[in-house]
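Trainee: Everything below, folded, please.
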Amino acid sequence: MARLTRPDPPGLPRVVTRLEALAVGLTDDEIRHRVRSGRWVALVRGQYLRSDLNVDEPFEQARIRHALEALSAARRISGAVVAYGSAATVHEMALASGVPARRELVVPPGFWNGIRSGTRVRLAQLTDADIVHRGGIPVTSPARTWVDISRTSPLADALSAGDSALRRGLSSSEQLSEAIERQSGARGLRGAQRALPLLSPLRENPLESRSFAWFVERELPLPECQVEFRDA
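Mentor: Alright, predicted model coming up:
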């Protein structure tokens, strides 16, 4: 049993195949033990997502756990795509409101939708440009994820998710604008249209984004970000 619980060999990618695991000395028994214990999540046949929950920061632990659970839920539901706040956790787009309370997925019109076992499933028509894959599982793109969050969440979340997407190079302002155009007529789209010109990669964390949203909502003079001051 001690051998089954040894740490993962160094250098393994976040998404690892069975062949890659065997090549660094793991056995099939060790792979199965990691899946049963929750350390790895089985994605598609012969492919696994390492949870990497040996991080000290509680929020990061919660984010990783939520992302893994959302990916696993999408794998079990036919036609499902990880979306909204859950997609933000997968892409590491910060949310001022924190980790979502429920796993959030979308499915095409005509499929089952609702809330079941901690998972919220909504209907949505996605284009190929709206979807990327993580470990073989479909996830809404960073741009589409930001639009969905901006349509349905407070301005603080729209700014924190968008700021982090720009800051980390996950999306550009042009791609966000194009994602808005693809959802022309969608409910709540004015929220995204309002938030887009307010985004800035200069804000470095969700607290700065939330503070900026506070100024906007109270129609106060807006602060400049990362201004440098020098004395004599």
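Trainee: in the helix of greatest length in the chain, what counts as buried?
Mentor: Within the chain, and with DSSP state H defining each element, the longest helix by residue count is helix 58-76. For helix 58-76, burial by neighbour count (16 or more other CB atoms under 10 Å) applies to 61, 63-64, 66-75. Glycine gets a C-beta too; all of them are placed from N, C-alpha and C.
Trainee: Can you give me the pLDDT of the most centrally placed residue in the chain?
Mentor: Centroid-nearest residue in the chain, with CA atoms, centre = their mean: A88, separated by 2.3 Å. Per-residue confidence at A88 stands at 97 (pLDDT).
Trainee: Which of the helices or strands spans it?
Mentor: Element membership for A88 (DSSP states H and E) is helix 84-91.
Trainee: Same question for L26.
Mentor: Take DSSP H and E as the rule and L26 turns out to sit in neither a helix nor a strand.
Trainee: And for it, the neighbour number?
Mentor: By other CB atoms under 10 Å, 21 other residues sit near L26.
Trainee: Identify the residues contacting it.
Mentor: If you count contacts by CB atoms under 8 Å, 6 or more residues apart in numbering, L26 has them with P9.
Trainee: Tell me the spacing between it and A179.
Mentor: L26 sits 40 Å away from A179, going by CB to CB, to the nearest Å.
Trainee: what do you get for N113?
Mentor: Counting by CB to CB, the gap from N113 to A179 is 22 Å.
Trainee: More neighbours: which of those two?
Mentor: In terms of neighbours (other CB under 10 Å), A179 is the more surrounded of N113 and A179; the figures are 25 against 16.
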